[in-house]
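Chemist: Fold the stuff below for me.
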Amino acid sequence: MRNRVKKSILLAMAILLTLTFSIPVYAATTANTTSGSILLDDKAGLLDQSEAAQVLEALEVASSDSNCNLVVLTTNQGLNESAIHSYADTYYATNVENKTQTNMCVTLTVDMTSRLVDVGTYNPGSKRNLNDAAKDEVREYVTSDLSSGNYVKAFTKFAEKAGKIAAGIDEDGGRNKSTFPWGFRIIISLVIGVIVALIVCSIIKKQLKTVEMKAGAADYVRPGSLNIKEQSDRFLYSNVTKTAKPKSNSSSGGGGSSGSHSTGSF
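Modeler: Take a look at the predicted model:
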């Protein structure tokens, strides 16, 4: 009787362990598909199943941490600059806007045929958004990896970079001081400390100096030893003209369903 009970317990434990280990495998398999996620739409087929799962996880984590939807889109349609803007805008309006907890969104759109890469930002009716410089920074940050075919690295770097920038922007569109990187805080503190130290040392040095420089040289010239017969002043003039360097990247508009974009090639 006891042997039967023991066998039943062991059998039940074996079944329970089998179910425990099989459930995560099944969940991971279904999560690998991109069609059910608003954060990853790999129409160009750049990622296999495991790579898509890795990128999707990075996008989900960064989106959650930054309270911003970070989206990666790929296509082979051969879109020009205007069309790739519309492609991202349409995806945002259809799949993201008013369908998540936050409407703030940053998209990375890659067209493998035209070799264009675009970063778009959206947040209708809010000042919390990425400015032109931030969009350029994000796009340039991933361009080299896209050129080298390191798509997983490029997409995960996009998630990290865009998420970090988005997390540092408050609802008024300003920089959130609480997310200011500790490294920069330390550097700025050191610079301020050095400046204060130099000022203090300069004051002490002046107090210890017994001889000061004079504007005239009368005290250093023997009377009657110098006879200046002629004196003249000559001035040289220069004319400097500055012209703003034209910006190669295109940017347009503010937030909203039409988005604001930074586009370049890779």
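Chemist: Could you list the low-pLDDT ranges of the stretch 151-266 of the chain?
Modeler: Scanning the stretch 151-266 of the chain for pLDDT under 70 picks out the ranges 170-185, 208-221, 224, 226, 231-257.
Chemist: one more time with 80
Modeler: 170-186, 188-190, 202, 204-258 (pLDDT under 80).
Chemist: what sits against the closest residue in space to E60 that isn't next to it in sequence?
Modeler: Of all residues not flanking E60 in the chain, L39 sits nearest, at 6.4 Å (CB to CB, 6 or more residues apart in numbering). C-beta here means a position set from N, CA and C on the backbone, and glycine is covered the same way. L39 is in contact with 56, 59-60, 63, 69-72, counting by CB atoms under 8 Å, 6 or more residues apart in numbering.
Chemist: can you do 10 Å?
Modeler: Contact analysis of L39 by CB atoms under 10 Å, 6 or more residues apart in numbering lists 55-60, 62-63, 69-73, 95-96, 100, 105, 107, 159.
Chemist: Pull up the gap between it and S202, please.
Modeler: Remark: distance between L39 and S202 (CB to CB, to the nearest Å) = 56 Å.
Chemist: next one: A166
Modeler: Taking CB to CB as the measure, A166 falls 43 Å from S202.
Chemist: between these two, who's got more neighbours?
Modeler: Taking other CB atoms under 10 Å, A166 and S202 do not tie; A166 has more neighbours (28 against 10).
Chemist: Assumed S225 was part of a helix.
Modeler: No - secondary structure assignment (DSSP: H, G, I helix; E, B strand; the rest coil) places S225 in coil, not in a helix.
Chemist: Now do the contacts for it.
Modeler: So S225 contacts nothing (CB under 10 Å, 6+ apart).
Chemist: One more: the one 4 residues further on?
Modeler: For K229, no contacting residues are found, by CB under 10 Å, 6+ apart.
Chemist: Can you get me a residue count around the closest residue in space to A44 that isn't next to it in sequence?
Modeler: The spatially closest residue to A44, leaving aside those adjacent along the chain, is T74, at 3.8 Å (CB to CB, 6+ apart). Around T74 there are 20 other residues, counting by other CB under 10 Å.
Chemist: Tell me if I am right that T74 is in a strand.
Modeler: Yes - counting by three-state DSSP, T74 falls inside a strand.
Chemist: mind listing the strands for this structure?
Modeler: Remark: strands assigned in the chain by DSSP state E are 40-42, 69-75, 105-111, 116-122, 260-265.
Chemist: Please tabulate the ones you listed in JSON lines, including the columns distance to E137.
Modeler: Shown next, in JSON lines, are those (distance: least, CB to CB, whole Å):
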{"stretch": "strand 40-42", "distance to E137": "22"}
{"stretch": "strand 69-75", "distance to E137": "15"}
{"stretch": "strand 105-111", "distance to E137": "12"}
{"stretch": "strand 116-122", "distance to E137": "9"}
{"stretch": "strand 260-265", "distance to E137": "9"}
